[in-house]
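Colleague: What shape does this take:
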Amino acid sequence: MPATHPHIQLLLRCIDLEEKEEIQRYSLDQQHTLKQLKAEGLALHPIVVTRKNFGYADYPEITFRLHFPPEMHLFRDGTAIECFCSGEEPVKGILLNIEGNSGEFRLFAPDFPDWIEEDGVGIKLAPDQHTISVMKTALKRIEEQSSLFRLFENIHSNKKEAADDTEVPVTLSIQNKNLNPSQQQAVKAIAANETITIVHGPPGTGKTTTLVEAIVQLIKAGEKVLVAAPSNTAVDHICKGLLAQQVKVLRVGNTSKVDESVFPFTPEGKLANSKQQKDIKQLKIRAEEFRKMALKYKRSFGKAEREQRNLLFKEVKSIRTEIKKLQAYNEEKLYSEAEVIAGTPVGLYDAPLRSCTFHTLVIDEAGQCIEPLAWCIFPLAQKYVLAGDHLQLPPTVLSQQAMQLGLNRSILEVAVESVPRVYLLNTQYRMRQAIAGFSGDYFYKGLLQTAAHLANNGTHLTFIDTAGSGFNEQHGSDGTSLQNEGELKIVQQLLQTELLDPAHTAFISPYAGQVAAAKTVLPKSMRISTIDSFQGQEKENIIISLVRSNDDGDIGFLKDYRRMNVAITRAKEQLFVIGDSATIGADAFYNAFLTYAEQAGTYRTVWEFEL
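Modeller: Modelled structure (predicted):
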């Protein structure tokens, strides 16, 4: 039945637009050369294959390295990719993990392509057809379930009911005695939650610690809990916290590259030494024998050989089907025994959870989860907790049109406007007071406090003004992204004069062009990244290069102030911001930041440096 609610129709239209944009952006053809795809961070090429093996469900898996660490915030764990080589048919797959200049991917094919180790092999982003079809199916089903549709209408009512101020009569024995009052209040609210509750956790406020305690309390009350987060890294992070509390966790989804401390709690990890696993191993050996026999028939062969090869591959396929059935049978018991089942939204959607009854669904990092993904898993539970910070960067969406229609509004950003129960974690434990102050005042309306032990101890915030120096922005060699050579010279001097240890210092910039240029001149031991890629991370010292310097006062996408909120809340001890006050100062937000930097920190000019 087609969706009739106007907002469901709008979301379906957005997904269509995103799908079209993905197909267009990622295609390798006359319009999109390999050079362009690489410049836009959509392709990694050439790759050097360092290892081949058959992994999960007997899919071919390839470990690779690159000659240089690329800027690749679009390449995330679980991203859909295609492996390609000039003149060959590309093979679809999934990126398992990537760090620095090495990574690993899985191919959805019965075997490795013949050309996999030839020169000129690369991987590029591909449309994620599976996620797209899952989102469309989930949205079309919302109206079929009355309780789910009621939730949808409430979230989209744009009317915020007044929260009931009466204290919830919850008698909880909080296990973690270190929780502050705002964290304890959030835990009690989650324990008493009957529909939907939001935990607003600004940077460094102990959101995961709070959620872990709340989940422990829900389990004590006899609940079975589902935990989701949009990235595998975020799922593993919360799993580690739960495992430390002896919670029975089952981590599902793309488990071949989960954190090694979490792997024993995946279905594969739990079944690793069982008798059933030995039977599966025997079947895998048989499949491998047939596969090798099939591979004896190389590219040039006749009709009879082709038929023989096809028969052998058919046999391999039927053995693999038998392996999958055996695994599913063995996993069923694991699902019923677990207190918490955790995964990404699509990982949970694909898992055989229909026979389980979940009371509460907790979505962590909900500020990074686009709304349609949340509706894929909302039907699995009866009550919901959304946790995150809608004042940091929204989810990545490729289609400008879909973005204008609101597809990059996270489920958290949408829900926070109508859900009455929003609990702010109000004390940050990451950064010095001077670093946290501006963000606390501007974004969190002065409600965010700094833990007492992080009171200022000297200068922790420095703004370095390049106005009048002629350090203007330029387009990088790829012609797509901006860079600023002068600002990089300042960074090199700062490292020396301030005696900053590169291993404890990160360089971040909004522009991929500046990041690429920085990688050629800054120490290899230093973390160098776009702001978008650095969300969720922290370092002792952070240097931000704003890049923009022009006569028109044009600041481009520095206009998305949430990006700046991410950038200025990563440093623990020292934050250095380099920019041109004449260019950014006409904007009210940056003008306020410059004033704050003068009052709470140190204001320096480019003329103090020997450049």
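Colleague: Now do the phi/psi pair for the residue of the chain most remote from its centre.
Modeller: Most distant residue from the mean C-alpha position of the chain: A304, 49.1 Å away (C-alpha atoms, centre = their mean). Here the main-chain torsion angles of A304 (degrees, to the nearest 10) amount to phi -60, psi -40.
Colleague: Grab the nearest non-local neighbour of S274.
Modeller: N330 (7.1 Å; C-beta to C-beta, 6 or more residues apart in numbering). Every C-beta, even on glycine, is put in place using the N, C-alpha and C of the backbone.
Colleague: Helix, strand, or coil at the one you found?
Modeller: Assigned with DSSP: H, G, I helix; E, B strand; the rest coil, N330 falls in the helix class.
Colleague: got it, and the one 4 residues further on?
Modeller: Local secondary structure at L334 is given as helix here, using three-state DSSP.
Colleague: From F105, how far out is L398?
Modeller: 20 Å (C-beta to C-beta, to the nearest Å).
Colleague: For these two, work out which one has more neighbours and name it.
Modeller: F105 (24 against 21; other C-beta atoms under 10 Å).
Colleague: which phi and psi does the more buried one have?
Modeller: phi -140, psi 160.
Colleague: do S274 as well
Modeller: phi -80, psi 170.
Colleague: Distance-wise, check it relative to R251.
Modeller: S274 is 17 Å from R251, by C-beta to C-beta.
Colleague: what does Q245 give?
Modeller: 15 Å.
Colleague: For the nearest residue in space to F589 that is not next to it in sequence, give me the pLDDT.
Modeller: Sequence neighbours aside, Y561 is the residue nearest to F589 in space, at 5.1 Å (criterion: C-beta to C-beta, 6+ apart). pLDDT, Y561: 95.
Colleague: which ones are touching Y561?
Modeller: 442-443, 589 (C-beta atoms under 8 Å, 6 or more residues apart in numbering).
Colleague: Buried ones among these?
Modeller: Buried residues within those, counting neighbours by 16 or more other C-beta atoms under 10 Å: 442-443.
Colleague: for the contacts of Y561, which one is nearest I370?
Modeller: F443 (21.6 Å; C-beta to C-beta).
Colleague: what does the helix or strand G347 falls within rub up against?
Modeller: Secondary-structure assignment from DSSP states H and E places G347 in helix 345-350. For helix 345-350, contacts defined as C-beta under 8 Å, 6+ apart pick out 78, 130-131, 134, 138, 226, 228, 230, 235, 252-254, 341, 363, 369, 373-374, 376-377, 380.
Colleague: Give the buried subset of these as a PyMOL selection command.
Modeller: Buried residues within these, by 16+ other C-beta under 10 Å, are selected in PyMOL with:
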select buried, resi 78+131+134+138+226+228+230+235+252+253+254+341+363+369+373+374+376+377+380
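Colleague: Make sure S261 is actually in contact with K240.
Modeller: Yes. Assessed by C-beta atoms under 8 Å, S261 is found in contact with K240 at 6.3 Å.
Colleague: what about those two, which has more around it?
Modeller: It is K240, of S261 and K240, that has more neighbours when counted by other C-beta under 10 Å, with 16 against 12.
Colleague: And the average pLDDT for the helix or strand hosting that one is what?
Modeller: Under the criterion of DSSP H and E, K240 resides in helix 232-244. For helix 232-244, the mean pLDDT works out to 94.
Colleague: Which strands and helices lie in contact with it?
Modeller: Counting contacts by 3 or more C-beta pairs under 8 Å, 6 or more residues apart in numbering; DSSP states H and E, helix 232-244 packs against helix 207-220, strand 225-228, strand 249-251, strand 340-343.
Colleague: Can you list the buried residues in it?
Modeller: Of all the residues in helix 232-244, those buried under the rule 16+ other C-beta under 10 Å are 232-243.
Colleague: returning to what we had before: now the helices and strands packed on helix 232-244 in TSV, with distance to E143 and mean pLDDT?
Modeller: Shown next, in TSV, are the helices and strands packed on helix 232-244 (distance: least, C-beta to C-beta, whole Å; pLDDT from 0 to 100):
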stretch	distance to E143	mean pLDDT
helix 207-220	29	97
strand 225-228	23	98
strand 249-251	31	96
strand 340-343	26	97
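Colleague: Can I get the ones you listed in CSV including distance to Q496?
Modeller: As requested, those are exported to CSV (distance: least, C-beta to C-beta, whole Å):
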stretch, distance to Q496
helix 207-220, 37
strand 225-228, 46
strand 249-251, 45
strand 340-343, 45
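Colleague: which residue ranges form the helices in the stretch 351-500 of the chain?
Modeller: 371-377, 400-404, 411-415, 433-442, 485-497 (DSSP state H, counting those that start in this stretch).
Colleague: So what touches the fourth one?
Modeller: Residues outside helix 433-442 that contact it (C-beta under 8 Å, 6+ apart) are 202-204, 428, 430, 446-450, 454-456, 459-461, 561, 565, 568-569, 571-572, 575, 589, 592-593, 596-597, 600-601.
Colleague: in this structure, what secondary structure element scores lowest on mean pLDDT?
Modeller: When each helix and strand of the chain is scored by mean pLDDT, DSSP states H and E, helix 275-295 comes last, with a mean of 77.
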